[in-house]
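Engineer: Got a predicted structure plus its sequence, pasted below:
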Amino acid sequence: MSSIEVKLPDGSVRNYPEGTSSMDVAQDISEGLARNVLAAKVNGVVWDATRTLPQQTNLQLLTWNDTEGKSTFWHSSAHLMAEALEALYPGIKLGIGPPIENGFYYDIDFGEHHFSADEFPKVEAKMMELAKEDNSYVRSEVSKADAIKYFEEKEDPYKLDLISGLNDGEITFYEQGNFVDLCRGPHIPSTGKIKAVKLMLVAGAYWRGDEKNKQLTRIYAITFPKQKELSEYLHMLEEAKKRDHKKLGKELELFTFSEKVGAGLPIWLPKGTAIRERLEKFMRQAQIERGYDQVVTPHIGKKELYVTSGHYDKYGKDSFQPIHTPNENEEFLLKPMNCPHHCEIYKFKPRSYKDLPLRIAEFGTVYRYEQSGELNGLARVRGFTQDDAHLFCTREQIKEEFVNVIDLVMFVFGKLGFDKFTAQISLRDPENKSKYIGSDENWAMAEQSIIEAAAERDLETVTVLGEAAFYGPKLDFMVKDAIGRQWQLGTIQVDYNLPERFELEYVGADNQKHRPVMIHRAPFGSLERFIGILIEHCAGNFPLWLSPEQVVILPISDKFNDYAQKVLKYLKNLDIRGFVDERNEKIGKKIRDAEVNKVPIMLIVGEKETENEEVSVRQHGKGDLGSMKLEEFAGFFNKVLDEN
RNA sequence: GCCGAUGUAGCUCAGGGGUAGAGCGUUUCCUUGGUAAGGAAGAGGUCGUGGGUUCAAUUCCCAUCAUUGGCUCCA
């Protein structure tokens, strides 16, 4: 009787008889684990937990705590929703129903029926009813002919379209209860695991994402193994709404948009500008310490510049159109990128290997004609400022430059309270090398340098093949904000293309001419988007050093305005930003307004304080801290500054 | 760019074929008040813009612009 060998992630090896499934192994380890197993990773591939294992198995049991466990759970939930919809709306045609980052969707052709959000409760109830039946998800391998026959009988054109792209022998169906779907799987063991359901949204989506195709109804939904997790999720969404940077940007008077100025062109109000400038100052300082040279280049450039860079060919027709001058045959473009200008700075004079690495930084404002439907607050705009820099170096220096940029990015994130992040390394698709420019040797070296640099700094990384830009591999930072959402922020990209196009050169130690490598990098990406994310991360409660107004002085009555002004002057001398609320209002009202406006520190001054040269300190969200002498407050202020 | 929703006072929003309303904010006056909203009076709107239907349009229809949710795209 042969047996199979199962190696678990902790390194232990167990032997089981043939026919054992992942679920059996879980059962063998503990009852509790078996209850929680959703799927299994078998030799690196996610499988149904109920499938029997091969002879030699590296096994990782997946639960709700694993990303893959979650997506399997949601994928199965999509089938459950389809089952419910089919029961409620006989004759509907099904498109695709994949899991997504938060939940899943299913694209449905409802025929004549116009499905609306009012019908959500009905569907949710049906799903819960079917979930309670605790039906197993059963996998079966089907021949292409049988698969086609099945869906022809069901008259589902979308599934038939999908099958036509599949090879015979690789087609599987999954069945639960009365529902059968074409599906690669894997799935959770049974519907009973799904304990909470919420339909989120209906939206239109074209079949296969092509607007020439029919528009289907896409239903977004999310499910959980516990009711409590659903409530937590809904609570998080509410929290996200409260933090929305578009809402806070208006309330805190940070920025605005104007129809007259134009869509996607943010206007920075004084308080928002204060934050921006502080961020710029902070970044400039950090860069100067790391050997960057700051430069300034114009907002426009001649068309030829972008023809040389290649941007004109690739993006010219989707950009703001050229500006024509009074003289004939002159055309200028709003700059969509800073790099062409920086290449010209490189070319200003002959460069020696001794000049490298050359690090050129600019807060460069660029303009891109983003599609109208894509514009979104500060997250997607048509004019924005990058904290851009280009590093010109030798091939051998790539790794060290990456390490330096990684250090800079980690320093910046730390200072701004983004302490959870991962890095994504994007390499080229080894199957399709022709898509990329540059020699194999250069690519190998750059990719290796990035991998090593990330390892050297112990970055938690995900490597994705085929995600590199056509001109070089890259590393992107993904940060998690205070309420658990992921954002892509800083980026570092190797570029072999522009040095080629601009014919950049340096003289090597061998007295020969060589081509430098260019690295694009932007820790914030764009200041606009970054501030948007920062607003949502801190819910408008900026760290003290960034806060537009750090302190507000609140006189009890106008008798104490003079003393309040004196305190303000004292603070200004210490480089503390503040103002006096001299309005004819009661102290309760002034405090409330300051709290609502998220001013970090309130100083209340009345008779006692005036007599004793004191201030009564109150911190946003924390309440009354008692009174202090002015010098004492200065110390307290610096302590709070250091804390964040 | 495509599909849907929305657009009324500085802000948040109600209303509805007969030229508009609330709360907050703002202004003036009263009040000089000790840790999250003191009182009174006033000002403020061609109901996003342009057409059309109608005796009459802010309301209905069309177009357009903007915002927003999706889709697609992203140097």
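Structural biologist: Happy to help now that I have it.
Engineer: domain assignment for chain A?
Structural biologist: Split into domains by automatic domain parsing, chain A comes to A:3-63, A:68-239, A:273-295+A:356-538, A:551-643.
Engineer: Near RNA strand B, which residues of the stretch 401-550 of chain A are found?
Structural biologist: residue A:469 (C-beta under 7 Å from any atom of the strand). C-betas here are computed from N, CA, C, even on glycine.
Engineer: Would you state the strands of the stretch 401-550 of chain A in chain order?
Structural biologist: Using DSSP state E, counting those that start in this stretch, the strands found in the stretch 401-550 of chain A span residues A:420-427, A:461-465, A:474-480, A:486-495, A:506-507, A:513-514, A:517-522.
Engineer: Highest mean neighbour count out of those?
Structural biologist: strand A:517-522 (a mean of 25; mean count of other C-beta atoms under 10 Å).
Engineer: what's the angle between that strand and strand A:474-480?
Structural biologist: 20 degrees (axes from the mean of the first three to the mean of the last three C-alpha atoms, to 10 degrees).
Engineer: Which residues outside strand A:517-522 are in contact with it?
Structural biologist: A:339, A:343, A:386-395, A:397-398, A:401-402, A:405, A:442, A:446, A:490-496, A:498-499, A:504 (C-beta atoms under 8 Å, 6 or more residues apart in numbering).
Engineer: same question, stretch A:233-251
Structural biologist: A:102, A:198, A:222, A:224, A:254-256, A:272, A:377-379, A:483-485, A:531-533, A:535-536, A:539-540.
Engineer: Can you list which of the residues you listed are found in helices?
Structural biologist: Those of the contacts of stretch A:233-251 mapping onto helices are A:272, A:531-533, A:535-536, per DSSP state H.
Engineer: Now pLDDT and neighbour count too, for those, in TSV please.
Structural biologist: Putting the ones in helices among the contacts of stretch A:233-251 into TSV (pLDDT from 0 to 100; neighbours: other C-beta atoms under 10 Å) gives the following:
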residue	pLDDT	neighbour count
A:272	96	22
A:531	96	24
A:532	96	26
A:533	95	23
A:535	96	26
A:536	94	25
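Engineer: Using JSON lines, lay out the residues you listed together with distance to residue A:585.
Structural biologist: What follows is the ones in helices among the contacts of stretch A:233-251, written out as JSON lines (distance: C-beta to C-beta, whole Å):
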{"residue": "A:272", "distance to residue A:585": "26"}
{"residue": "A:531", "distance to residue A:585": "31"}
{"residue": "A:532", "distance to residue A:585": "33"}
{"residue": "A:533", "distance to residue A:585": "35"}
{"residue": "A:535", "distance to residue A:585": "28"}
{"residue": "A:536", "distance to residue A:585": "31"}
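Engineer: So which of the residues you listed is the closest to residue A:34?
Structural biologist: residue A:536 (39.7 Å; C-beta to C-beta).
Engineer: my read: that closest one touches residue A:529, true?
Structural biologist: No: Residue A:536 lies out of contact with residue A:529 (C-beta atoms under 8 Å); the separation is 11.0 Å.
Engineer: Select, out of the domains of chain A, the one closest to residue A:316.
Structural biologist: domain A:273-295+A:356-538 (10.4 Å).
Engineer: Now the terminal residues of that closest one, how far apart.
Structural biologist: End-to-end distance of domain A:273-295+A:356-538 (C-alpha to C-alpha, to the nearest Å): 18 Å.
Engineer: Relative to the whole chain's centre, how far out is it?
Structural biologist: 15 Å (C-alpha atoms, centre = their mean, to the nearest Å).
Engineer: go on, stretch A:292-302?
Structural biologist: Using C-alpha atoms, centre = their mean, the offset of stretch A:292-302 from its chain centre is 28 Å.
Engineer: Same question for stretch A:562-579.
Structural biologist: That offset, for stretch A:562-579, works out to 40 Å (C-alpha atoms, centre = their mean).
Engineer: How about stretch A:270-280?
Structural biologist: Worked out by C-alpha atoms, centre = their mean, stretch A:270-280 lies 23 Å from the chain centre.
Engineer: That one vs RNA strand B: in contact?
Structural biologist: No: judged by C-beta under 7 Å from any atom of the strand, stretch A:270-280 and RNA strand B are separated, with a smallest distance of 14.6 Å.
Engineer: List the buried residues of that stretch.
Structural biologist: Of the residues in stretch A:270-280, A:271-272, A:274-276, A:278-279 count as buried by neighbour count, 16 or more other C-beta atoms under 10 Å.
Engineer: Could you tell me the per-residue confidence at residue A:644?
Structural biologist: Looking at residue A:644, its pLDDT is 69.
Engineer: What of residue A:170?
Structural biologist: At residue A:170, pLDDT is 86.
Engineer: What number of residues are in the vicinity of it?
Structural biologist: For residue A:170, the count of nearby residues is 9 (other C-beta atoms under 10 Å).
Engineer: try residue A:252
Structural biologist: Residue A:252 - counted by other C-beta under 10 Å - has 22 other residues nearby.
Engineer: Nearest residue to it in space, ignoring adjacent ones along the chain?
Structural biologist: In space, residue A:252 comes closest to residue A:540 once its chain neighbours are excluded; the distance is 5.6 Å by C-beta to C-beta, 6 or more residues apart in numbering.
Engineer: Next one: the one you found from residue A:129, what distance?
Structural biologist: Using C-beta to C-beta, to the nearest Å, we find residue A:540 at a distance of 43 Å from residue A:129.
Engineer: again, but for residue A:44
Structural biologist: 37 Å.
Engineer: More neighbours: which of those two?
Structural biologist: A side-by-side neighbour count of residue A:44 and residue A:129, using other C-beta under 10 Å, places residue A:129 first with 11 against 7.
Engineer: so where does that one fall, helix or strand?
Structural biologist: helix A:120-132 (DSSP states H and E).
Engineer: ok, that helix near RNA strand B or not?
Structural biologist: No: residues of helix A:120-132 contacting RNA strand B under C-beta under 7 Å from any atom of the strand: none, with a closest distance of 13.9 Å.
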